[in-house]
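1. whatever this is, show me its structure:
(one chain, ligands or ions: 1)
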Amino acid sequence: MTIRLHYAPGACSFVPHVGLELAGEAFEPVLVKLHKGEHQTPEYLAMNPDGQVPVLQVEGRTLTQIVAICDWIAARHPGLGLLPADPWARAQTLSLLAWINNTVHPTFAQVFLTKKFVDDPGAQALLRASATERYRAQLERIQGWVGCAQPFLNGEQPSFLDAYVLTVQRWGGYAGIDPATMPALRDYVARFAQHPAVAAVIARERFELNTYKPAAA
Ligand SMILES: N[C@@H](CCC(=O)N[C@@H](CS)C(=O)NCC(=O)O)C(=O)O
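-> Numbers count the residues shown, from 1 in each chain. The predicted model follows:
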C-alpha cells in the first residue's frame, strides 16, 4: 500500500506523522514548504482546496483533516492505543482532539496569522493580544491533564493526543508564552519527545522543542 503524508515542519501535521511512526507504517513523508507557498499551487489545491497540511494520500485517494486522518491510522492499528479501544474512552479522546483542532488551534492562528483575519494594524494588535490570552488559558487547561498521565495521557501507550499536546505547547513559544510559566506541561512534552518514535519524527522535521524567545530588555 502506498501511503504519503504531506507535512510541514512543526505544523499540526506532526500529529498524524507521529501516529504513522508509532505504528511502524511504511509511508513517504512529503515536505511541503509553506513559506514558499507550496500549499497554494494548483496541484496542491486540487488535493486540499483549503491549502493546508496535513494531507494523507493512500493509493491515490486523498484524506484531509487531522481528526479524520488520525481515525484512519488508528483503525488500521487496533491495539496500539493511538486512539483508545474502549468506545467511551475513544469518544472522550476524540472530543479532546476535536477541541484542540477546532478551538485551540484556530486561537493560535489568530496569534500567528493575525493578518489573515483583519487588515487594520490597530485591530491586529488587539486581536493578537486577546488571542494570546485565550491561548494561554487553553494551554493552562491542557496542563491540567498532564498530572494524570501514566505515563502518557491515555495510559501506558502514547497516542495522537500526546502529539497534539506537544504541538500546541510548542507553538506557545511563538505566541510569547514562556514555557517556564507552565512547568508541568513543559516537562510532560519534553518527556514525550524522548519516545523513540516521537524523537525520530522531530529529527525528520528538524525542529526545536523550545520556540520561546524572551523579549530583549
Ligand atoms: N482543520 C485542519 C487544520 C489544518 C491547518 O490549520 N494546517 C496549517 C498548519 S498547522 C496550515 O496548513 N496552514 C497553512 C495555511 O493555512 O495557509 C486540519 O485538521 O487538518
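2. pLDDT averaged over the lengthiest helix in the chain, what's the number?
-> If you go by DSSP state H, the chain has its longest helix at helix 121-146. Averaging pLDDT along helix 121-146 yields 97.
3. for it, name the packing helices and strands.
-> In terms of contacts (3 or more Cβ pairs under 8 Å, 6 or more residues apart in numbering; DSSP states H and E), helix 121-146 is packed against helix 105-112, helix 160-174, helix 183-192. For the C-beta atoms, the positions are set from N, CA and C on the backbone; glycine is no exception.
4. so what secondary structure elements neighbour the last one?
-> So the one you mean is helix 183-192. helix 121-146, helix 160-174.
5. same deal with the longest one?
-> The criterion is 3+ Cβ pairs under 8 Å, 6+ apart, and the helices and strands that helix 160-174 contacts are helix 14-22, helix 66-76, helix 87-99, helix 105-112, helix 121-146, helix 183-192, helix 196-205.
6. quick one, which of the ones you listed is packed in tightest?
-> Compared across those, helix 14-22 shows the largest average neighbour count, a mean of 26 (mean count of other Cβ atoms under 10 Å).
7. please tell me how far residue 107 sits from residue 99.
-> Using Cβ to Cβ, to the nearest Å, residue 107 is found at 11 Å from residue 99.
8. returning to what we had before: ok, which of the helices and strands packed on helix 183-192 comes nearest residue 71?
-> Residue 71 lies closest to helix 160-174 among the helices and strands packed on helix 183-192, at 9.2 Å (Cβ to Cβ).
9. return the mean pLDDT over the closest one, rounded to an integer.
-> Averaged over helix 160-174, pLDDT sits at 98.
10. please apply the same query to stretch 78-88.
-> Here stretch 78-88 scores 96 as its mean pLDDT.
11. mind listing what's buried in that stretch?
-> 80-84 (16 or more other Cβ atoms under 10 Å).
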